[in-house]
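J.: A structural model of the following input is requested.
(one chain, ligands or ions: 1)
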Amino acid sequence: MHSDEDWAKILRFRVMRKGIAINHHVYSSIWSSVKQEVQVIYENSCWKVGNGHNINFWSDSWCGEPLALSQNVHPDVLIWLPSKVSDFIQNQTWHIPHYIDTLFPQVKNLVQQVTLPVEPIADSLVWKDSANGLLTLKMAYDFKRHHFPIINWAKSIWSKDIPPSRSLLAWRVMLDKVPTDDKLSERGCNLPSMCSLCNNHSETMFHLFFQCSFAFQIWCWLATVLEVTLHFQSMTDIWLLAEKNWSPQCKIVIKAALIHLLYAIWTARNNARFNNEMPNWKSYVSWISSNISMAGNLTNKLSSTALRDFTTLKRFNVNIHPPNPTSIKEVIWQPPFFDWVKCNTDGAFNAATSACGGLFRNSDAAFLCGFAVNTGNASSAFSAELCGAMQAIEIAAFKNWNNLWLETDSTLVVKAFKSSSLVPWALRNRWLNCLLLTQSMNFVVSHVFREGNFCADSLANIGLTLDRLTIWNDVPLVIKDSFEANRLGKPFFRVMHI
Ligand SMILES: [Zn+2]
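T.: Take a look at the predicted model:
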């Protein structure tokens, strides 16, 4: 909509006039459909305020729902009011005239929730659901495409360690597409039906794969080897077997077992029906076993040290791929240099809300102050972590702590200080303002493992229960132990995979 790239300019020239899609017909299917999407784009976008010159204060979406709608402003009143967002900004701070405040008392509150950039930049229209605000072709495709329900078992069936021809049969079984007699009769092909494996029952898919005495023997064998009781209410239940806490290598083995088991039953049925071969379930079991063993040995997935994984793999004659060796790393919190202030920050995140917290300490590891704040319905844990870093910088600037060492357990936050494009658009103005603050400080940022950041972690968790910014001037009780441990230089231990 506002890109300076050539293709965007051409599109705008063809279908837009003064920010609105043209009304007249264009003799082209492509241009006409572009025209239809303009409204969709506006409905799913909003403005990130810069200098405010391009945004209509009342009718554009920039601080939630357009103010004209949320405040019920009558169109006759609207024409007398200042219309641009820039009319309400003075020296990059909000300036709401007194009469607007009297007429619409809620406006001031809503507007002040939007952070203005300290250095004026151009306004930009951002796609709401995108972290960086850009609408990419991938997002547009995802937005427009038809969303099908997610099927849990789909991932269990396809694996590069199992031949696709075998997986295909399992796929057809799950989709009810195997041509058993009951399926053929549904398609109008009415023949007398008899299960070729037991000659004792009409052939339905459920009978063939689960109830038939032949299938039953094989399932019993699998249950014995895995030491589990099998009880299936529906087809999808069989894949739950591979969901349990198995090691990755074991999971492949179990998936291979299920897929080859279904394949063996179908092969036995076809051999019995078309080649008159009486199937012996034991020979099919040994065929399944050798295929499981092959899949388990060829995979590059690793096992664990658990005894259950070990015995299962051994029973299928699979060589165990040992897990990566681990090492124990000592993590010690370091106090800052003399005359410096160190702030550890962290974010917390749950389904309902998010929060951040942190604490400032001096070179004697003494407590200066701590904070926790609820950051509302943030879109990710990363946003909460960023809020923690920003809050720390703002507090340090306010207290004139000009030698600031910021420490976080999020590597992404450390990276964000090098590349602001990682920061979600909704936090971008505040983030750039904070970077500006750090330019007038001696500022360093570093990463610490979570084990060295327990105090900040606990404060962030408190933030989840708060409704406003809370500042502590004394060590809060909940972090007393970990604070003391840090102060005395006690190590914490971290298990690392080499
Ligand atoms: Zn049968």
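J.: and the top helix by length along the chain with the ion, contact?
T.: Under DSSP state H, the helix in the chain containing the largest number of residues is helix 248-275. No - using CB under 5 Å from the ion, helix 248-275 stays clear of the ion, with a minimum separation of 8.6 Å. Glycine gets a C-beta too; all of them are placed from N, C-alpha and C.
J.: pull out the buried residues from that helix.
T.: 248-266, 268-269, 271-272 (16 or more other CB atoms under 10 Å).
J.: what packs against it?
T.: Here helix 248-275 touches helix 154-157, helix 164-174, helix 213-226, helix 281-298, helix 307-315, going by 3 or more CB pairs under 8 Å, 6 or more residues apart in numbering; DSSP states H and E.
J.: just list what the fourth one packs against, helices and strands only.
T.: I take that to be helix 281-298. helix 213-226, helix 248-275.
J.: average pLDDT for the shortest one?
T.: So the one you mean is helix 213-226. Averaging pLDDT along helix 213-226 gives 92.
J.: okay, the angle between that helix and helix 281-298?
T.: Orientation check (axes from the mean of the first three to the mean of the last three CA atoms, to 10 degrees): helix 213-226 against helix 281-298 gives 40 degrees.
J.: what are the buried residues along helix 213-226?
T.: Phe214, Ala215, Ile218, Trp219, Trp221, Leu222, Val225, Leu226.
J.: just these now: which is nearest the ion?
T.: Each of the buried residues of helix 213-226 was scored against the ion by CB to the ion, and Phe214 proved nearest at 6.2 Å.
J.: so that closest one makes contact with Lys282?
T.: No - the criterion here is CB atoms under 8 Å, and Phe214 misses it with Lys282 at 11.0 Å.
J.: re earlier: what about the helices and strands packed on helix 281-298, which gets the closest to Gly133?
T.: With CB to CB as the criterion, Gly133 lies closest to helix 248-275 of the helices and strands packed on helix 281-298, at 37.2 Å.
J.: could you give the mean pLDDT of the closest one?
T.: 93.
J.: sorry, back to before: and the helices and strands packed on helix 281-298: which comes nearest Glu394?
T.: Closest among those, using CB to CB: helix 248-275, at 44.1 Å.
J.: which stretches in the stretch 351-498 of the chain count as strands?
T.: 354-361, 367-376, 403-408, 442-447, 470-472, 492-497 (DSSP state E, counting those that start in this stretch).
J.: ranking those by burial, who's on top?
T.: strand 354-361 (a mean of 27; mean count of other CB atoms under 10 Å).
J.: what's the angle between that one and strand 367-376?
T.: Orientation of strand 354-361 against strand 367-376 (the same axes, to 10 degrees) gives an angle of 170 degrees.
J.: what angle do strand 354-361 and strand 403-408 make?
T.: Using the same axes, to 10 degrees: strand 354-361 against strand 403-408 is 140 degrees.
J.: average model confidence for strand 354-361?
T.: Here the average pLDDT along strand 354-361 is 93.
J.: counting contacts, what elements does it pack onto?
T.: Against strand 354-361 (3+ CB pairs under 8 Å, 6+ apart) you get strand 341-349, strand 367-376, helix 381-398, helix 454-463.
J.: who's in contact with whichever residue of the stretch 201-350 of the chain sits closest to the ion?
T.: Proximity of the stretch 201-350 of the chain to the ion (CB to the ion) peaks at Cys212, 3.0 Å away. If a contact means CB atoms under 8 Å, 6 or more residues apart in numbering, then Cys212 has Cys195, Leu197, Cys198, His201, Ile265 as its contacts.
J.: one more time with 7 Å
T.: Contact analysis of Cys212 by CB atoms under 7 Å, 6 or more residues apart in numbering lists Cys195, Leu197, Cys198, His201.
J.: what distance do you get for the third one to Leu258?
T.: Applying CB to CB, to the nearest Å, the value for Cys198 to Leu258 is 21 Å.
J.: what residues does the chain put near the ion?
T.: So far as CB under 5 Å from the ion goes, the chain lies against the ion at Cys195, Leu197, Cys198, His201, Cys212.
J.: helix, strand, or coil at the second one?
T.: For Leu197, the secondary-structure state derived from DSSP: H, G, I helix; E, B strand; the rest coil is coil.
J.: from here on, call the first residue 378.
T.: Renumbered: residue one is now 378, and that last one reads Leu574.
J.: hmm, Asn428 is touching Pro497, no?
T.: Yes - contact criterion CB atoms under 7 Å: Asn428 and Pro497 qualify, at 4.3 Å.
J.: of the two, who's got more company?
T.: Higher neighbour count among Asn428 and Pro497: Asn428, with 18 against 15, using other CB atoms under 10 Å.
J.: distance of the more buried one from Phe520?
T.: Distance from Asn428 to Phe520, counting by CB to CB: 29 Å.
J.: what of Ala732?
T.: Distance, Ala732 to Phe520, using CB to CB: 30 Å.
J.: same thing with Val550?
T.: Remark: distance between Val550 and Phe520 (CB to CB) = 34 Å.
J.: which of these two has more neighbours?
T.: A count of neighbours by other CB under 10 Å puts Val550 above the other of Val550 and Phe520, at 22 against 13.
J.: next one: the more buried one from the ion, what distance?
T.: The spacing between Val550 and the ion, counted by CB to the ion, to the nearest Å, is 16 Å.
J.: next, count neighbours for the closest residue to Arg391 other than its chain neighbours.
T.: Nearest residue to Arg391, sequence neighbours excluded (CB to CB, 6 or more residues apart in numbering): Trp408, at 5.6 Å. Using other CB under 10 Å, the number of residues around Trp408 comes to 14.
J.: Trp439 too?
T.: 20.
J.: for it, what are its contacts?
T.: Trp439 touches Cys423, Trp424, Val426, Ile432, Val462, counting by CB under 7 Å, 6+ apart.
J.: mind listing the helices for the stretch 478-627 of the chain?
T.: In the stretch 478-627 of the chain, helices defined by DSSP state H, counting those that start in this stretch lie at 484-489, 514-521, 531-534, 541-551, 558-563, 582-583, 590-603, 625-652, listed in chain order.
J.: could you redo the ones you listed as a markdown table and give each row distance to Thr682?
T.: Putting these into a markdown table (distance: least, CB to CB, whole Å) gives the following:
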| stretch | distance to Thr682 |
| --- | --- |
| helix 484-489 | 56 |
| helix 514-521 | 40 |
| helix 531-534 | 24 |
| helix 541-551 | 30 |
| helix 558-563 | 46 |
| helix 582-583 | 39 |
| helix 590-603 | 19 |
| helix 625-652 | 12 |
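J.: right, I'll leave it there.
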